[in-house]
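J.: Would you be able to build a 3D model of this:
(one chain, ligands or ions: 1)
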Amino acid sequence: MPPRISSSSRTIHVSELDPASFAPFGEVIQNPITHVGTPSLQTVGANQGSAVKWLNVTKMQNWYELGSSRKPASVSMNMFVCKPRNLEQKDEKSVFPVKIMERHPFTPQTFVPLGLSKEDRGTCYLVIVAPTLPVQVRTSKEDGGLGPAYPVPSPRTKRSLRERLLGARPNLFTNDFSTSTTPAAASSSDEPKPKGPGFPDVDNVRAFIARGDQAVTYGPGTWHAPMVVLGEKAIEFVVVQYANGVALEDCQEIEIQAEAGGEGIVVEVGDASEHTMSPRAKL
Ligand SMILES: NC(=O)N[C@@H](O)C(=O)O
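T.: Now for the predicted structure:
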């Protein structure tokens, strides 16, 4: 059973998915020519001049060396066929209740929708994310007695307490991934770093609505809700990430339960007349 945390009642309003607003959580992949606000990317000509090649549209870095198993990971490409979710009604609005979040501690994960165009407004998907809280000592009451949800390397040889603390990821002195007690200087690389072992900050959940001509990359270790498709039909996504086959290192889940008497976290998706599950004319 995954660890469980509770949340007070919160209604989250959706924003359009754009690279700047989504930057703390990952990247939006979209054609810079047709989407205003795409960060500048390097471009080269390709295919005898018949193609424009935008370089490094997302950052795919493998961080599995930080996992306790030290088992190497390789690239994995899967297809998720995601059906539209059932929505609940609240005050004449359609809402999606957020009851589970998950993260991939050591890898980014990219969802590329297939076969949808920008004009296909009847089908779209929600990207629901949360910041990661700083690590804090949790009581067994708070985490259901299941212990930390993040793998910490086990010592291989007898080492001093200080050495053992320095070996923990993230570093207990600096809450980053270095083995020094001095906080890491800003990295020269712009690779996003794993978010660390904290639980999701349920007070600051964000929800973005993505259209069919946008793909999304959750940054390494970013808490997110399992994919939420809205509208009329299933969306096929090609999903690219690293994986090493160690369940706890590939994916970690947490349940979010409503505080007593409350409704927990809901994402308000629109008027009840929108995003119905039955076929209807395109908008
Ligand atoms: N995001 C999502 O829908 N699911 C996953 O991240 C997964 O790996 O199961």
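
J.: Can you tell me the SS state at Pro24?
T.: With DSSP: H, G, I helix; E, B strand; the rest coil as the basis, Pro24 sits in coil.

J.: Let me know the pLDDT of the spatially closest residue to it that is not a sequence neighbour.
T.: Nearest residue to Pro24 in three dimensions, chain neighbours excluded: Pro131, at 6.9 Å (CB to CB, 6 or more residues apart in numbering). (C-beta placed from N, C-alpha, C; glycine too.) On pLDDT, Pro131 comes in at 97.

J.: The closest residue to Asp201 other than its chain neighbours: how many residues sit nearby?
T.: Of all residues not flanking Asp201 in the chain, Pro131 sits nearest, at 4.4 Å (CB to CB, 6+ apart). When neighbours are defined as other CB atoms under 10 Å, Pro131 has 18 of them.

J.: What about Pro131? Give its phi and psi, please.
T.: With angles defined as degrees, to the nearest 10, Pro131 sits at phi -70, psi 170.

J.: Surely it is in contact with Phe199?
T.: No. Counting by CB atoms under 8 Å, Pro131 does not reach Phe199; the two are 10.4 Å apart.

J.: still on that earlier bit, tell me who's in contact with the residue nearest to Asp201.
T.: By CB atoms under 8 Å, 6 or more residues apart in numbering, the residues touching Pro131 are Pro24, Phe25, Lys195, Pro200, Asp201, Asn204, Trp223.

J.: ditto for Lys99
T.: Counted by CB under 8 Å, 6+ apart, Lys99 has contacts Glu255, Ile256, Gln257, Gly264.

J.: One more pass at 10 Å, please.
T.: For Lys99, the contact set (CB atoms under 10 Å, 6 or more residues apart in numbering) comprises Ser7, Ala225, Pro226, Glu255, Ile256, Gln257, Ala258, Gly264, Ile265, Val266.

J.: Most widely separated two among those?
T.: Pro226 and Ala258 (18.1 Å; CB to CB).

J.: who's in contact with Lys195?
T.: Contacts of Lys195 (CB under 10 Å, 6+ apart): 24-25, 103, 105, 130-133, 170, 218-223.

J.: could you redo the last one with a cut-off of 7 Å?
T.: Applying CB atoms under 7 Å, 6 or more residues apart in numbering to Lys195 gives the contacts Thr132, Gly219, Pro220, Gly221, Thr222.

J.: Distance of Glu88 relative to Glu232?
T.: Separation of Glu88 from Glu232 (CB to CB, to the nearest Å): 18 Å.

J.: Now, the contacts of Lys99 that are in strands?
T.: Ser7, Glu255, Ile256, Gln257, Ala258, Ile265, Val266 (DSSP state E).

J.: In those residues, which residue is surrounded by the most others?
T.: Most crowded among the ones in strands among the contacts of Lys99, counting by other CB under 10 Å, is Ile265 at 27 neighbours.

J.: distance of it from Asp213?
T.: Applying CB to CB to Ile265 and Asp213 gives a distance of 28 Å.

J.: what do you get for Met79?
T.: In terms of CB to CB, Met79 sits 19 Å off from Asp213.

J.: For Gly231, give the beta-bridge partners.
T.: Counting by DSSP bridges, Gly231 is bridged to Thr123.

J.: Does it touch Pro84 like I think?
T.: Yes. Assessed by CB atoms under 7 Å, Gly231 is found in contact with Pro84 at 5.6 Å.

J.: and the stretch 51-200 of the chain, which residues reach the ligand?
T.: Within the stretch 51-200 of the chain, the residues that sit near the ligand (CB under 6 Å from any ligand atom) are Glu102, Gln109.

J.: now the helices for the stretch 51-200 of the chain?
T.: 161-167 (DSSP state H, counting those that start in this stretch).

J.: what are the ranges of the strands in it?
T.: 51-54, 74-82, 88-90, 93-98, 100-103, 109-114, 123-130 (DSSP state E, counting those that start in this stretch).
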